[in-house]
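S.K.: quick one, fold the following:
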Amino acid sequence: MDPSEVEALIESELDAQAEVRRARGEHDDDHLTAVVVSPAFEGESLVAQHQLVYEALGEHMTRDIHALELKTYTPEEYEA
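M.R.: Residues are numbered from 1 along each chain as shown. Model (predicted):
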């Protein structure tokens with residue numbers, strides 16, 4: 001799955017800004033890394049934040065994406 005497609009899914013489902021890239025050093029197309037900034041993360045634990053991203057990606061997490069390294073931030077955390 002193309003990183004820009006993953007970005008679009010995350011952004012549309014979470015009212016977020018996302019930057020998705022292929023993981024460095026990985027030869028497979030299904031290993032990605034993402035930075036996601038969303039107000040939806042406010043008050044949520046890190047685990048809950050990651051679950052929101054996985055939910056936004058739905059079945060793509062099991063079919064098209066083998067691994068996703070996530071860094072999640074609220075807008076305030078990202079600005080700091």
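
S.K.: so what's Ala16 up against?
M.R.: Applying C-beta atoms under 8 Å, 6 or more residues apart in numbering to Ala16 gives the contacts 10, 36-38, 40. C-beta coordinates here come from the backbone N, C-alpha and C atoms, glycine included.

S.K.: how about the helix or strand Ala34 falls within: buried residues?
M.R.: Applying DSSP states H and E as the criterion places Ala34 in strand 31-37. Within strand 31-37, the residues that count as buried by 16 or more other C-beta atoms under 10 Å are 31-34, 36-37.

S.K.: what is the nearest of those residues to Ala56?
M.R.: Val36 (8.9 Å; C-beta to C-beta).

S.K.: ok, the strand holding Ala34: who's next to it in the sheet?
M.R.: Partners of strand 31-37 in the sheet, by DSSP bridges, are strand 17-22 (antiparallel), strand 67-73 (parallel).
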